[in-house]
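*Asks:* from the sequence below, what's the structure:
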Amino acid sequence: MEWSFDGPNGAVTVRQEGERAICQAIRGPDGRGLYKAWLQGKKGRFLLGTLIPEGGALRLRRSVPVAQIERQGAWPPVGAEIVMAYPFPDSRPPEGWQWVDCPARLLGDSLLAQSASHLKRVLTRKDEQGFFLAVPFDTKAPFPLCPLFCLSWPERLNGAWYILFRFSRKGWPEFPHISGAVGEAMGEA
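*Replies:* Predicted structure coming up:
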């Protein structure tokens with residue numbers, strides 16, 4: 001017996017061979033995240049697994065005992081779906097920004113450079129007066145530049161939170177409110 005289910009995120013086929021279900025899922029790659037395939041029955045769902053890149057597509061092949069799927073209430077299958085289980089962060093910088101590795105080299109003060117030595121990849125945006133640093137914000141991590149805590153502000157860029165800092169052309173910290181720096185950082189100047 002064989003079942004085939006097409007959906008907006010791809011196709012799942014299931015074929016029973018004796019006591020086993022041969023399951024396959026396929027979808028086009030989009031680079032947006034990890035996808036999982038689920039088999040649906042009248043009384044439950046069964047996780048088939050995660051699709052992996054293969055031959056220019058995302059694929060899954062799995063042989064599962066029918067009894068295992070039955071215990072989850074998903075046999076015989078009445079549907080299937082492929083869903084994004086984990087979205088990848090957007091690696092493109094926001095418009096007007098660029099990624100910079102080792103931002104400590106941009107800072108004019110040795111204490112600040114030392115404080116920033118742990119920062120690996122941040123966003124920067126230059127203007128005539130200087131530049132902004134935008135450091136990805138993580139509530140589980142220490143504050144990125146402790147000496148500049150009072151001169152920073154949080155901002156969402158491309159849907160993610162960053163802590164922004166304003167610097168002169170020589171890498172000295174500046175107050176963000178001078179000359180409308182906050183609006184400039186957001187491209188509003």
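*Asks:* tell me which residues are up against stretch 101-115.
*Replies:* Residues outside stretch 101-115 that contact it (CB atoms under 8 Å, 6 or more residues apart in numbering): 100, 116-117, 119-122, 124, 131, 133, 145-148, 167-168, 170-173. For glycine as for every other residue, the C-beta is placed from the backbone atoms N, C-alpha and C.
*Asks:* can we see that at 7 Å?
*Replies:* For stretch 101-115, the surrounding residues in contact (CB atoms under 7 Å, 6 or more residues apart in numbering) are 116-117, 119-122, 133, 145-147, 170-173.
*Asks:* what's the end-to-end length of it?
*Replies:* Stretch 101-115 has an end-to-end distance of 15 Å (criterion: CA to CA, to the nearest Å).
*Asks:* before we move on, back to that, could the contacts of stretch 101-115 be laid out in TSV, adding distance to residue 14 and secondary structure?
*Replies:* Converted to TSV, those look like this (distance: CB to CB, whole Å; DSSP: H, G, I helix; E, B strand; the rest coil):
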residue	distance to residue 14	secondary structure
116	53	coil
117	54	coil
119	49	coil
120	44	coil
121	43	strand
122	47	strand
133	52	strand
145	54	coil
146	55	helix
147	59	helix
170	65	coil
171	60	coil
172	64	coil
173	61	strand
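*Asks:* residue 35: which of those is nearest?
*Replies:* Ranked by distance to residue 35 (CB to CB), the contacts of stretch 101-115 are led by residue 121 at 26.2 Å.
*Asks:* settle this for me: that closest one is touching residue 93, isn't it.
*Replies:* No. In this structure residue 121 lies outside contact range of residue 93 using CB atoms under 7 Å: 10.3 Å.
*Asks:* could I get the full set of helices for the protein?
*Replies:* 66-71, 110-115, 181-185 (DSSP state H).
*Asks:* which of the ones you listed sits most buried?
*Replies:* Burial of the helices of the chain is given as mean neighbour count (mean count of other CB atoms under 10 Å); helix 181-185 ranks first at a mean of 19.
*Asks:* quick revisit: mind putting the helices of the chain into CSV with distance to residue 139 and mean pLDDT?
*Replies:* Shown next, in CSV, are the helices of the chain (distance: least, CB to CB, whole Å; pLDDT from 0 to 100):
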stretch, distance to residue 139, mean pLDDT
helix 66-71, 39, 98
helix 110-115, 19, 91
helix 181-185, 21, 51
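*Asks:* of these, which is nearest residue 50?
*Replies:* Here helix 66-71 is closest among the helices of the chain (CB to CB), at 17.3 Å.
*Asks:* just the residues contacting the closest one, thanks.
*Replies:* Contacts of helix 66-71 (CB under 7 Å, 6+ apart): 16, 19-21, 39, 46, 75.
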